[in-house]
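>>> any chance you can model this:
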Amino acid sequence: MLEDTGERVIPEEMSITNELLIEHVARYHFALPFITKGRVLDMASGSGFGTHIIAKKKKKVIDEIIGLDLDEKALAYARHNYYHPKSSFHQADITEENLVDRFGQFDVITSFETYEHIEEETIFLNNAYDLLKPGGILIMSTPFGAGRGEPCGSPFHVHQITPDEFKALFSDKQVTSIDYYLQKGALIQKEADPVPDYYPLGILVLTK
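Residues are numbered from 1 along each chain as shown. Just a heads-up that it's a prediction; the model follows:
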């Protein structure tokens, strides 16, 4: 059994009303329309449920989806519980330089609730960008908070950045477009739309 740290999403061990589960599942379903072909990468795939959602829902259009994670126990859990012929799970540090040499480039990359855990954020962001094919799409999320370097309520997070800092993450990269979304529970909407309440999570959709 995979250890429940309070931060990890293990659908089989969680209530259908669990907010953490609802948020995570919603993000993967949000990503599905952007996945139309080729190779897909799930950075920090954890227990593997999100990789499996994409494999199942997009099996007719993708060539493969790879889940990368540092935790071998999580990878073993994913391989045992979420087998699919279009998916595979591999151990890798997503702050390891030159990941592209090991895994090549991808048409779509998902990276959900990962950034806030990473101290070496520059390497991570460079990897996310370099692993994309030209014209490829990165879909990435993170919770908002007091800002870079400021304390946050989670012992698992390095920090939680502000919405303005979130929008600046790829400002040094050459991109075709970036669209920004806000999330609260299962609800995800474009940042430009009227927001009736505070949305604690941000999602970006970057086209290289």
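>>> what is the longest helix belonging to the chain packed up against?
If each helix of the chain is counted by residues according to DSSP state H, the longest one is helix 19-31. Counting contacts by 3 or more C-beta pairs under 8 Å, 6 or more residues apart in numbering; DSSP states H and E, helix 19-31 is packed against helix 49-57, strand 106-112, strand 132-143, strand 177-184, strand 187-190, strand 201-207. (Glycine included, C-beta is placed from N, CA and C.)
>>> with distance to Leu32 and mean neighbour count added, can I get these in CSV?
Output for the helices and strands packed on helix 19-31, formatted as CSV (distance: least, C-beta to C-beta, whole Å; neighbours: other C-beta atoms under 10 Å):
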stretch, distance to Leu32, mean neighbour count
helix 49-57, 5, 22
strand 106-112, 10, 25
strand 132-143, 10, 20
strand 177-184, 14, 16
strand 187-190, 12, 14
strand 201-207, 12, 20
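>>> Thr162: which of these is closest?
strand 201-207 (9.5 Å; C-beta to C-beta).
>>> Lys173 contacts Leu132, doesn't it?
No. Look at Lys173 against Leu132 with C-beta atoms under 8 Å: they stay out of range, at 9.9 Å.
>>> can you redo the helices and strands packed on helix 19-31 as TSV with distance to Leu75 and mean pLDDT?
Output for the helices and strands packed on helix 19-31, formatted as TSV (distance: least, C-beta to C-beta, whole Å; pLDDT from 0 to 100):
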stretch	distance to Leu75	mean pLDDT
helix 49-57	11	97
strand 106-112	17	98
strand 132-143	21	97
strand 177-184	27	96
strand 187-190	28	94
strand 201-207	25	97
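>>> these into TSV, with extra columns for distance to Asn98?
Below are these laid out as TSV (distance: least, C-beta to C-beta, whole Å):
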stretch	distance to Asn98
helix 49-57	23
strand 106-112	15
strand 132-143	15
strand 177-184	25
strand 187-190	33
strand 201-207	21
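>>> closest to Ser88 out of the ones you listed?
Taking the helices and strands packed on helix 19-31 one by one with C-beta to C-beta, helix 49-57 is closest: 9.0 Å.
>>> the closest one to helix 19-31, inter-axis angle?
Between helix 49-57 and helix 19-31, the angle comes out at 40 degrees (axes from the mean of the first three to the mean of the last three C-alpha atoms, to 10 degrees).
>>> that's all I had, so thanks and see you.
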